[in-house]
Structures are given as C-alpha cells and as structure tokens.
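Peer 1: using only what follows, build the 3D model:
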Amino acid sequence: MKYILFDSEIRETLKPLTYTRPVCDIRCGIMTIREKWEKLLNAKTYTLTKNYLKNKYEFAVDSKMIFIDGKVIPTKDLVHKIINLNLGEEIYYENQLIAKCESEDSFYKKVSINKKRIDYPLSLNILCSLVSIFTLNGEEIQRDFDILTQGRQSATLSDTNRVIGKENIFVEESAKVEFATLNAQEGPIYIGKDCQIMENAAIRGPFSMLDKSVIKMCAKIYGPVSLGPACKVGGEVEDCVFIGYSNKAHDGYFGNSVLGEWCNIGADSNTSNLKNTYDNIKLWSIEHSTFEPTGVIFCGTIMADHAKCGINTMFNTGTVIGVGSNVFGPGYQRNYIPSFIWGGTKGQRRDYDVEKVIKTAEIVEARRNVKMSEIDKDILRYIYKITHSDRDFFE
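Peer 2: Numbering: from 1, shown residues only. Got it, this is the predicted structure:
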C-alpha cells in the first residue's frame with residue numbers, strides 16, 4: 001500500500017509558499033503536514049504535485065494506493081478510517097474529496113471501479129488560506145506536542161532558568177537553555193535537538209523550535225510561534241511560523257507572519273500586523289491577481305523561500321513577498337512584491353536575475369552545511385520563468 005499526498009486546487013491559493021513545495025510540506029504546528037501524516041500512519045508518504053517539482057518529490061504506484069489531500073491536517077480518527085479504505089471508497093469532508101483508494105489500473109488506465117462515498121462527520125483543520133497557517137498554529141502545536149512527547153521524559157532544565165508550567169515543557173537532551181524565562185501556562189513549549197536559547201530570552205507558549213534552531217539573547221517570543229530546523233530568531237516575534245532555515249536574528253517586530261525557507265530579515269526590520277482603523281486585512285492573491293479579504297484583523301508578512309530584506313525595512317500590514325526577492329529601500333514597502341525582485345520601494349526595483357539568486361542561495365545553504373542540489377536550482381529557474389508576467393505587472 002502506498003500513501004500519496006496530492007496537491008488540490010488550494011495549491012494556487014497558497015502561493016507564493018507553494019511555488020517551491022507541495023502543500024503538505026508547509027509547517028503548521030511543530031511538524032509539517034507530511035510529518036504529521038507519516039507519524040500517525042507510521043509509514044512513508046509519496047507526493048503527487050506539479051510536474052516541475054516531481055524530480056524532488058517522489059511519487060510511487062502500487063496495486064493499492066490511498067490518495068490524501070495535502071491540505072488536510074490528520075487526526076487519529078481520520079487516519080484510522082483512511083487505513084481501512086477499500087478500493088473505490090472515497091472520503092468527503094464538507095463536500096470536498098479528501099481521500100480515496102485506487103488501484104494502479106484505475107489511476108493510470110482509467111479502468112472503471114465502483115465508487116462508494118463516505119462523509120466524514122468530525123471537525124478537521126484544513127489549510128484553506130495563507131493566514132490559516134498561523135491562525136491554526138497554536139492548536140496544532142498542542143496536538144503535535146501531545147503526539148511527540150507521549151510516553152517520553154523531558155531532559156532537565158538548568159536551575160538558572162525561570163520556569164512556569166514545567167509540566168507543559170519538553171526539552172530534548174542535546175538542547176542548551178540557560179538564564180531564560182519559559183512560561184507554558186497558556187500553551188506547551190517544545191525545544192528540539194541541538195537547539196539553544198540564550199540568556200534573558202523570554203518565551204510564552206505555545207512555542208516550538210526544531211533541531212539546531214537558536215533564540216538570541218533578550219528575545220521576546222509571544223506564542224503561538226513555530227520554528228522549523230536551523231532558524232535564528234531575535235527581537236520580538238508573535239504568532240509566526242518559520243518553515244525552516246530562516247533568520248530573524250536581530251531586533252525588530254514580526255507578528256502574524258509566515259516565513260518560508262532560507263529567508264533572512266535585516267536588523268531592525270518590522271512588520272505591521274494591524275491597521276490603525278482595525279479593518280479586516282486584504283492580502284494579495286497570486287491566484288486571482290487582486291487583493292482579497294482575509295477575514296482577520298491581524299496579518300503581517302508572508303515571505304516565500306530565499307527572500308530577504310535589508311536593515312530597517314518596513315513591511316505594511318498584509319504584505320506578500322515572492323520567491324528569491326531581495327527587498328530594501330526607505331519608507332513602507334509595497335504590500336505585494338513578486339518573485340525575483342531586487343529592491344522594493346518605487347524607483348529602486350528591477351528583476352533579480354535567477355542565476356544571482358542561485359549563487360547567493362548556494363552560499364547561504366553551505367553555511368548550514370547543506371549543498372544546494374541541481375534539482376533545486378532548476379526549480380528556481382522554472383519559477384523565474386513562470387513569474388515573469390507578475391514582475392511586468394508590478395512595474
């Protein structure tokens with residue numbers, strides 16, 4: 001049996017984050033959606049996504065294949081029902097197909113099989129928009145915390161730390177935490193392997209940080225906040241998700257925001273996450289080429305992979321930044337910056353050549369002991385081509 005996570009139409013809604021990954025590899029909570037499925041299924045998953053990503057994300061066939069919509073966050077009950085699907089059975093949630101069982105013949109040769117619809121009656125968390133990544137994050141940190149720590153004993157925190165809600169804190173053995181304040185009364189705190197929390201950092205849960213991430217001295221973290229692996233975070237951060245390998249290492253405020261992988265935030269850069277009028281925030285939709293209401297009054301910056309900004313950058317409420325852009329310049333930035341832009345404010349922007357982006361990316365990844373693959377380079381080149389019209393529109 002093969003479990004295959006597929007990209008549905010929501011992939012377009014979740015751009016620019018999904019330019020470089022399937023929906024299931026977005027982090028929400030401690031784990032990505034894929035990691036959640038693999039943990040609960042106790043099995044490897046495969047991926048059905050866009051052709052230009054297929055060399056990176058493995059697909060497999062079998063006599064029995066269960067296809068699962070990658071936007072759906074699993075629960076134990078849903079996983080139990082999916083494991084027991086028979087050929088031809090399909091699970092629907094709120095009239096959307098979220099899982100089905102097919103054979104190789106029915107998938108490739110379109111051989112007709114008898115179908116049976118099963119309506120799933122319980123509530124599920126689903127990534128339905130860019131803002132849902134951080135609005136669901138607190139609940140998902142708690143759920144992932146329960147799964148990852150079940151039956152395990154936390155490492156002992158040093159007496160130099162000030163700890164509130166010790167029972168809701170889990171620290172992996174190789175983590176280093178000294179002279180920090182950890183408050184887990186309002187949500188759990190998970191500290192991964194080889195992580196470090198430096199002196200005088202103050203953290204309120206829900207909060208998680210994965211392997212080799214660092215919280216800098218005197219950082220102020222207001223949960224829910226999730227850090228993927230190898231992130232460096234300082235200053236003031238609230239209600240954010242860092243998918244992984246990204247830095248906001250200096251002072252400045254980031255709130256209600258999502259950062260992809262290999263992003264870097266310059267010192268003293270800030271996001272606005274609330275309008276002075278307290279109006280609902282509109283966010284640029286790459287899918288529909290217009291600003292669309294989010295239904296929330298708090299929304300900061302959505303930043304795709306390999307994007308960066310210079311020191312003292314000011315991001316307006318509800319800003320979307322595409323893949324590989326290097327943003328800088330005085331005053332507030334535009335609240336939509338397409339992929340592969342150099343500059344930002346008027347009069348300073350131009351195309352950022354993809355080969356220069358790749359050259360920088362190789363240096364950045366090497367600093368984390370990661371060698372950039374030729375597949376990843378080709379993915380960036382392809383994204384550069386398909387986003388050309390976005391940059392024309394931006395001018």
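
Peer 1: ends of stretch 334-344, what's the gap?
Peer 2: 7 Å (CA to CA, to the nearest Å).

Peer 1: what of stretch 277-295?
Peer 2: Chord length of stretch 277-295, first to last residue, is 15 Å (CA to CA).

Peer 1: list the buried residues in it.
Peer 2: By neighbour count with 16 or more other CB atoms under 10 Å, stretch 277-295 contains the buried residues 281-286, 294. (C-beta placed from N, C-alpha, C; glycine too.)

Peer 1: any idea how far that stretch is from the middle of the chain?
Peer 2: The chain centroid and the centroid of stretch 277-295 are separated by 19 Å under CA atoms, centre = their mean, to the nearest Å.

Peer 1: average pLDDT across it?
Peer 2: Averaging pLDDT along stretch 277-295 gives 96.

Peer 1: widest-spaced pair of the buried residues of stretch 277-295?
Peer 2: Farthest-apart pair in the buried residues of stretch 277-295 is 281 and 286; separation 16.5 Å (CB to CB).

Peer 1: poorly predicted segments of the stretch 51-200 of the chain, please.
Peer 2: By pLDDT under 70, the low-scoring segments of the stretch 51-200 of the chain are 109-112.

Peer 1: wait, a helix at residue 39?
Peer 2: Yes: assessed by DSSP: H, G, I helix; E, B strand; the rest coil, residue 39 belongs to a helix.

Peer 1: which residues of the stretch 251-395 of the chain fall in helices?
Peer 2: Residue ranges of the helices in the stretch 251-395 of the chain, as given by DSSP state H, counting those that start in this stretch, are 354-366, 374-386, 388-394.

Peer 1: which one of these lies closest to residue 74?
Peer 2: Nearest to residue 74, of the helices of the stretch 251-395 of the chain and by CB to CB, is helix 374-386 at 26.8 Å.

Peer 1: quick one: the closest one to chain centroid distance?
Peer 2: 20 Å.

Peer 1: and for stretch 186-196?
Peer 2: 17 Å.

Peer 1: quick check: buried residues in that stretch?
Peer 2: Quick answer for stretch 186-196 (16+ other CB under 10 Å): 187-192, 194-196.

Peer 1: rebuild those residues as JSON lines, extending it with secondary structure and distance to residue 165.
Peer 2: Shown next, in JSON lines, are the buried residues of stretch 186-196 (DSSP: H, G, I helix; E, B strand; the rest coil; distance: CB to CB, whole Å):
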{"residue": "187", "secondary structure": "coil", "distance to residue 165": "9"}
{"residue": "188", "secondary structure": "coil", "distance to residue 165": "8"}
{"residue": "189", "secondary structure": "strand", "distance to residue 165": "8"}
{"residue": "190", "secondary structure": "strand", "distance to residue 165": "13"}
{"residue": "191", "secondary structure": "strand", "distance to residue 165": "14"}
{"residue": "192", "secondary structure": "coil", "distance to residue 165": "19"}
{"residue": "194", "secondary structure": "coil", "distance to residue 165": "24"}
{"residue": "195", "secondary structure": "coil", "distance to residue 165": "19"}
{"residue": "196", "secondary structure": "strand", "distance to residue 165": "21"}
